[in-house]
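*Asks:* the sequence and its predicted three-dimensional model are supplied below.
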Amino acid sequence: MNSKLVLEITDFETAFYIKPKDKYLFALREINFELYKAQKIAFVGESGSGKTTLANAILQLNPNNVTTYFGNIIFYPQKENCSICLDKYSIVTTEEHYDENTQTTSYDIHTLDEELLNHIRGNHISMIFQDPFTALNPVLRVGEQISEVILNHNLNITKKEVYDKVIELLSKVELPEPHIIYKKYPHQLSGGQIQRVCIAIALANIPEILIADEPTTALDATLKHTILSLLTHLVGSFSTSLILITHDINLVKNYVDYVYILYAGEIIESGLTKQIFYNPLHPYTKLLMSCSVDKTKKGQKLPVIPYELPDLTDQDFIYEKCIFLNRCPQRNNRCETKKPQLYSIKGQKVKCLLYEK
Amino acid sequence: MIKLLLNRIVVLFITFIGITVITFVVINISPGKPQDMMDMSTRISFEAKQRLVKLYGLDKPLHIRYFNWFLRVIRLDFGTSFKDDKPVLKKISERLPATLLLNILSLGIIFFVGCTIGILSAMYQNKFFDKLTTIVVFLGYSIPRYWLAILCMIVFGIKLNWLPISGLRSVNWEYLPFVGKIWDILKHLILPVAISSFSGLAGLARYVRGSMIEQLNCEYIKFALSKGTQRKKVVFYHAFRNVLIPVVTILGLSLPDLIGGGFIFETIFAYPGMGRLGYEAIMARDYPLIMGIGTITAALTLLGNFIADIVYVYVDPRVRYK
């Protein structure tokens, strides 16, 4: 990719402190990835694999008191005329964050204070949540909730301009009669309509990055593709980068450029969408691909991956052995003694000893 | 919407009739009759007593007496007190303002302080402030009101001599200048208001805290934060709007106290309110006065609940459009 780097996550780890057990749960480990401008990537994994934790970590939305972060989340703002970025970040931007050659600034999101975080949230990086029925405040009108995100980041704006912008956004997400929708309360809309409203809120300030945390899981099967194509279409038209998080590997096939497979908090395989789909390498990815309703014959039981996720508080296991050990059909003795690294095979990366060079 | 309101009005009217019937039956079957008081006096002859019984219609059967009472009440005639022959309405209208003053003040304090404590302890859950307020609030909840009232009267009224301990006005109230008059009433109000709000605070504060914690864990809070909204605004605007819904219900439920007044509480402070009037009326078996107080309290309470319903519709749009 030749385009500009927007987000770079290096050696990132997240740990939650569990008070009653007095233990740390290592929810995310060894996360490394880059996101370029207008690139669309997907994180795929089952429940408990740390997908949502990762999404929340980027915007610092995990509960503060119990979460510890390690590593860096470097964000490169792309908005050139963003005065707040230029003024305020000069305080936090150290020399190493300013690149003379490209004249770009960047900063680690985890070092920012609440005020700057609030500037980034909704303005530079936005997020869409899983369940549309709980995502909006039930006692506020839809229009008010969209206006809020505009008012948060545009100080000198008149009421009329805000209203016009909200109406424009509502028509952009293909909601009919935006003037009527503006005055509705969330419970008067359907799940699909609310998810469109959420997309409107997330894209209101044309952010550099949009994180979509399972945006279609709570929706009807027929709506999933409609919402996803709307989302990717809009993201494309704003050249916003998209991080799509899902458990349904077959769903993302047509919408993203690059796929990361997340298992128990680690990226175990990554590659271009085509590579992952036509040539999955890791045993887990292979199993995941076979767990599809479409591929199962009538009358046959749906395939499942046996056993459950490992205990993420067990440090001896997660840092010394292969994380997929207890469920892997292709394991051998070496898997128990050595933890695999990410091995690169034709640009595709896989974390499995089978591919050790 | 209008159908909903009409429905409520019909239900309220039936409830109202039910309350008056029950009150009427209960005071009449309870031991002791109005004329019993006169037994103490030897100067009243048996015949005189019989005349009084006849005059007040106490010799008629219960249902006929209720029916007669009801016919008079719909003409807004509550009769006169057995005790001093003053019209019941006049006696009540003398006492109602004092009770309203006391209870609106303490309800206001309960609402603001209770909500503030609740929100702050939810924000600083399990921190020092939360633990401290939990203890204080539970103390207020578990200490009997009358005990605390007497304790405070001894400490602040008698030992320290800071505050007056009974009534609403000093003896020389008439002769004070205007500002002095207000200050005098305020001084008399401090103890009753403080004690009644202290003991009423617990329920609301705990409720707001629980409700707030529940709301703060909702997904829409995270979404609001992800929009770049300041945490303060998220708590006091987004979450609090939702916390208000159960709070309105609780305030609606505490409206009977607002008008009825605490019988024991007002008696301890010799406070000239509805509560003490009711207490005295019951002691004297003053049927018209008891019924008058009961009816007006019931009517105002039901009206209060009706208002709470309307406010509820305002704060929760989900009720409005169903």
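*Replies:* That came through, no problem. Numbering: from 1, shown residues only, chains lettered A, B, ... in the order given.
*Asks:* now the lengthiest helix in chain B, how far from the centre of its chain.
*Replies:* The helix that spans the most residues within chain B, counting by DSSP state H, is helix B:178-216. Here the centre of mass of C-alpha atoms in helix B:178-216, compared against the chain's by CA atoms, centre = their mean, to the nearest Å, lies 13 Å away.
*Asks:* which SSE is immediately downstream of the helix ranked longest in chain A?
*Replies:* For chain A, the helix that runs over the most residues, judged by DSSP H, is helix A:221-237. The helix or strand immediately downstream of helix A:221-237 is strand A:241-246, counting by DSSP states H and E.
*Asks:* residues making contact with that following strand?
*Replies:* Counting by CB atoms under 8 Å, 6 or more residues apart in numbering or on different chains, strand A:241-246 makes contact with A:6-7, A:35-44, A:51-52, A:54-55, A:58, A:208-217, A:231-232, A:235, A:252, A:255-256, all of which sit outside it. Glycine gets a C-beta too; all of them are placed from N, C-alpha and C.
*Asks:* could you report the pLDDT at whatever residue of chain A ends up closest to chain B?
*Replies:* Residue nearest to chain B within chain A: residue A:122 (3.5 Å; CB to the nearest CB). The predicted local confidence for residue A:122 comes out at a pLDDT of 88.
*Asks:* quick one, phi/psi of it?
*Replies:* With angles defined as degrees, to the nearest 10, residue A:122 sits at phi 80, psi -20.
*Asks:* about what we covered before: between the longest helix of chain A and strand A:241-246, how many degrees?
*Replies:* For the pair helix A:221-237 and strand A:241-246, the angle between their directions (axes from the mean of the first three to the mean of the last three CA atoms, to 10 degrees) equals 160 degrees.
*Asks:* touching helix A:221-237 from outside, list them.
*Replies:* Residues outside helix A:221-237 that contact it (CB under 8 Å, 6+ apart) are A:38, A:40, A:128, A:172-174, A:191-192, A:195-196, A:199, A:203, A:210, A:212, A:215-216, A:219, A:240-242, A:251, A:255-256.
*Asks:* one more time with 6 Å, if that's ok
*Replies:* Helix A:221-237 has contacts (CB atoms under 6 Å, 6 or more residues apart in numbering or on different chains) with A:192, A:195, A:199, A:203, A:210, A:216, A:242, A:255.
*Asks:* the residue lying closest to the third one once chain neighbours are set aside: neighbouring residues, count only.
*Replies:* Looking back up the chat, that one is residue A:199. Beyond its immediate neighbours in the sequence, the residue positioned closest to residue A:199 (CB to CB, 6 or more residues apart in numbering or on different chains) is residue A:173, lying 5.2 Å away. A count of nearby residues for residue A:173, using other CB atoms under 10 Å in any protein chain shown, gives 22.
*Asks:* just the buried ones among the contacts of strand A:241-246, please.
*Replies:* Burial of those was assessed by neighbour count (16 or more other CB atoms under 10 Å in any protein chain shown); the buried members are A:6-7, A:35-44, A:51-52, A:54-55, A:58, A:208-216, A:231-232, A:235, A:252, A:255-256.
*Asks:* rewinding a little: anything in the longest helix of chain B near chain A?
*Replies:* No - with CB under 6 Å from any CB of the partner chain as the threshold, helix B:178-216 lies outside contact range of chain A, at a closest distance of 9.5 Å.
*Asks:* alpha carbons of stretch A:185-194, in PDB - could you do that?
*Replies:* Output in PDB follows, covering the C-alpha atoms of stretch A:185-194 (Å, rounded to 0.1, in the frame of the first residue of the first chain):
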ATOM      1  CA  TYR A 185     -37.600   8.600  19.400                       C
ATOM      2  CA  PRO A 186     -35.500   5.500  19.000                       C
ATOM      3  CA  HIS A 187     -38.200   3.100  20.100                       C
ATOM      4  CA  GLN A 188     -40.300   4.300  17.100                       C
ATOM      5  CA  LEU A 189     -37.700   3.100  14.600                       C
ATOM      6  CA  SER A 190     -36.800  -0.400  13.500                       C
ATOM      7  CA  GLY A 191     -33.400  -2.000  14.100                       C
ATOM      8  CA  GLY A 192     -32.200  -1.300  10.600                       C
ATOM      9  CA  GLN A 193     -33.300   2.300  10.700                       C
ATOM     10  CA  ILE A 194     -31.500   2.800  14.100                       C
END
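*Asks:* that older thread, mean confidence score for the longest helix of chain A?
*Replies:* 89.
*Asks:* helix or strand: which one has residue 151?
*Replies:* Here I'm looking at chain A. Here residue A:151 sits within helix A:142-153, counting by DSSP H and E.
*Asks:* can you look at chain B instead?
*Replies:* Using DSSP H and E, residue B:151 maps to helix B:145-152.
*Asks:* and for residue B:20?
*Replies:* According to DSSP H and E, residue B:20 maps onto helix B:2-29.
*Asks:* all helices for chain A, in order.
*Replies:* Listed in chain order, the helices of chain A (DSSP H) span A:51-58, A:83-92, A:114-120, A:132-135, A:142-153, A:159-172, A:178-182, A:191-203, A:221-237, A:273-278, A:283-290, A:315-320.
*Asks:* lowest average pLDDT across those helices?
*Replies:* Within these, the least confident segment by mean pLDDT turns out to be helix A:83-92, at a mean of 57.
*Asks:* what angle do helix A:191-203 and the helix holding residue A:151 make with each other?
*Replies:* Note on geometry: by the same axes, to 10 degrees, helix A:142-153 and helix A:191-203 are set 20 degrees apart in direction.
*Asks:* and helix A:142-153 with helix A:159-172, angle?
*Replies:* For helix A:142-153 and helix A:159-172, the angle between their directions (the same axes, to 10 degrees) works out to 120 degrees.
*Asks:* now helix A:142-153: how far from the chain's centre is it?
*Replies:* Between the centre of helix A:142-153 and the centre of its host chain there is 23 Å, according to CA atoms, centre = their mean.
*Asks:* tally of neighbours for residue B:17?
*Replies:* The burial metric for residue B:17, expressed as a neighbour count using other CB under 10 Å, is 11.
*Asks:* pLDDT score for it?
*Replies:* Looking at residue B:17, its pLDDT is 90.
*Asks:* and residue B:190, how far from chain A?
*Replies:* From residue B:190 across to chain A, the span is 37 Å (CB to the nearest CB, to the nearest Å).
*Asks:* next, give phi and psi for the closest residue to that residue other than its chain neighbours.
*Replies:* If the residues on either side of it in the chain are set aside, residue B:190 comes closest to residue B:163, at 5.6 Å by CB to CB, 6+ apart. Phi and psi for residue B:163, reported as degrees, to the nearest 10, are phi -130, psi 150.
*Asks:* number of residues surrounding residue B:163?
*Replies:* 16.
*Asks:* next SSE after the least confident helix or strand in chain B by mean pLDDT?
*Replies:* Among the secondary structure pieces of chain B, namely its helices and strands, helix B:36-39 has the lowest mean (mean pLDDT, DSSP states H and E), a mean of 63. On the C-terminal side of helix B:36-39, the closest following helix or strand by DSSP H and E is helix B:46-55.
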